[in-house]
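Engineer: Below: sequence and its predicted model.
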Amino acid sequence: MKVLGIESSCDETGVAVYDTSLSGAAALRAHAVYSQIALHAEYGGVVPELASRDHVRKTLPLIRQTLDEAGIAISEIEGVAYTAGPGLVGALLVGAGVARSLAWGLDVPAIGVHHMEGHLLAPLMEDDPPEPPFVALLVSGGHTQLIAVDAIGKYRLLGETLDDAAGEAFDKTAKMMGLPYPGGPQLAKLAELGTPGCYKFTRPMTDRPGLDFSFSGLKTQVLMAWRDSDQTDQTRADIARGFEDAVVDTLVIKCGRALDAAGCDVLVVAGGVGANKRLRAKLQEAAQRRGGRVCFPRPELCTDNGAMIAFAGALRLQAGQHSPAEVKVTPRWDM
Ligand code: KG4
Ligand code: ZN
């Protein structure tokens, strides 16, 4: 089954074709992402109305480009998947409207996909994918969750953030230190130039049992350290390194606990912060120590993309599911 996937929940338009007749990474026939970063940069964050309008401009050209790259005619598409939520309502409606119209015109089924289920299953698009049960760490701009995946579609929440998501903490901390939007990847880059151990911040909520997270206090600690510092470039890099180490250590500690709690030795990591190099290296080391396995999507499939939506939608369509023929989105939606 060849499934067209459309992602438009926030500031990235993503389109992909996933072909279930192929296996491993080859099944992703083509995918393309158009990022609106430049559009929102001068506002220091995503402006919802501008995001919707840009999705309107970019979705159809991106579909054409992706089909061309895959060497597939639109008439060969056998199902359409789109992000139905959570996300910005106007942005979601653009993707849902296009997906629904195409499905109607082609007379094929369409399915609305939960954005976070897309992220969660993204690592399974790589070669030698892990089979459930496993534990998933979902770390994005809006979510930080540990989830026990008993089977595809059967998810148990083990722990989550009580305030800021990990990506949000990266973005807000970067902004506080004067880094341009979007801050997370910039802060991570800067941290590479910082001296480890110069600034030591707390590993929040690791001194007591439990699988929940809290990153807002850490952000405040960084703000105070930055205010009280000489604010040179090197200090900024040192603080960035201290912050990144604190977030990464906290995530690694809680992942270990979640694996213990679930009696499992396979960890899957997904979401934008999963692209963080230090997090990937530290989780890899921890997996080696435990004799377990950690699986990540390639970095470009960690951040928002259409491939994860095509894939999650293909699994559901193959299982005989589809959504009713209406353009309906769910901006706030628990998985
Ligand atoms: O999954 P995603 O693309 O969008 C959401 O669904 O939120 O995640 C975006 C988040 C942003 O907060 C961004 O700063 C963060 O992921 N991010 C990173 C890195 N790349 C993206 N955070 C730390 N290090 C990175 N390399
Ligand atoms: Zn996302």
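Structural biologist: Sure, I can see it. Ligands and ions are numbered 1, 2, ... in the order given.

Engineer: Report the secondary structure state of Val294.
Structural biologist: strand (DSSP: H, G, I helix; E, B strand; the rest coil).

Engineer: That one and ligand 2, how far apart?
Structural biologist: 20 Å (C-beta to the ion, to the nearest Å). For glycine as for every other residue, the C-beta is placed from the backbone atoms N, C-alpha and C.

Engineer: who's that residue bridged to?
Structural biologist: Val294 has these beta-bridge partners by DSSP bridges: Leu267.

Engineer: per-residue pLDDT, it?
Structural biologist: Val294 carries a pLDDT value of 98.

Engineer: can you count the residues close to the residue of the stretch 1-150 of the chain found nearest ligand 1?
Structural biologist: In the stretch 1-150 of the chain, the residue that lies nearest ligand 1 is Gly141 (2.9 Å; C-beta to the nearest ligand atom). By other C-beta atoms under 10 Å, the residues close to Gly141 number 23.

Engineer: how about the nearest residue to it once chain neighbours are set aside, what does it touch?
Structural biologist: Nearest non-adjacent residue to Gly141, counting by C-beta to C-beta, 6 or more residues apart in numbering: Gly167, 3.8 Å away. Applying C-beta atoms under 8 Å, 6 or more residues apart in numbering, we find Gly167 in contact with 139-142, 144, 184, 271-273.

Engineer: Show me what the helix or strand of the chain with the lowest mean pLDDT is packed up against.
Structural biologist: In the chain, no helix or strand scores lower on mean pLDDT, DSSP states H and E than helix 37-41, which sits at a mean of 94. Under the contact definition 3 or more C-beta pairs under 8 Å, 6 or more residues apart in numbering; DSSP states H and E, helix 37-41 sits against helix 48-70.

Engineer: what about the helix it packs on, distance to the chain center?
Structural biologist: 19 Å (C-alpha atoms, centre = their mean, to the nearest Å).

Engineer: Which residues does it contact?
Structural biologist: 4, 6, 8, 10-11, 13-17, 29-32, 34, 36, 39-40, 73-74, 88-91, 93-95, 98, 102, 306.

Engineer: swap the cut-off to 7 Å and go again
Structural biologist: 6, 8, 10-11, 13, 15-17, 29-32, 34, 36, 39-40, 74, 88, 90-91, 94-95, 98 (C-beta atoms under 7 Å, 6 or more residues apart in numbering).

Engineer: if I've got this straight, Leu4 is in a strand?
Structural biologist: Yes: counting by three-state DSSP, Leu4 is found in a strand.

Engineer: Show me what from the stretch 151-300 of the chain comes close to ligand 1.
Structural biologist: 167-168, 170-171, 182, 184-185, 188, 271-273, 275-276 (C-beta under 6 Å from any ligand atom).

Engineer: Buried residues, whichever strand or helix holds Gln221. List them.
Structural biologist: Assessed by DSSP states H and E, Gln221 sits inside helix 216-227. The neighbour-count check on helix 216-227 (16 or more other C-beta atoms under 10 Å) flags 218-219, 221-222, 225-226 as buried.

Engineer: can you check stretch 31-44 too?
Structural biologist: 31-36, 40.

Engineer: restrict these to contacts with ligand 1.
Structural biologist: Okay, of the buried residues of stretch 31-44, nothing touches ligand 1 (C-beta under 6 Å from any ligand atom).

Engineer: Those in helices, which ones?
Structural biologist: Of the buried residues of stretch 31-44, the ones assigned to helices by DSSP state H are His40.

Engineer: okay, the buried residues of stretch 31-44 in TSV with distance to Phe296 next?
Structural biologist: Below are the buried residues of stretch 31-44 laid out as TSV (distance: C-beta to C-beta, whole Å):
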residue	distance to Phe296
His31	17
Ala32	21
Val33	18
Tyr34	23
Ser35	20
Gln36	25
His40	27
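
Engineer: among the buried residues of stretch 31-44, which are in reach of ligand 2?
Structural biologist: By C-beta under 5 Å from the ion, no member of the buried residues of stretch 31-44 lies near ligand 2.

Engineer: Spatially, which two of the buried residues of stretch 31-44 are the most separated?
Structural biologist: Of all pairs drawn from these, the greatest distance, 22.1 Å, lies between His31 and His40 (C-beta to C-beta).
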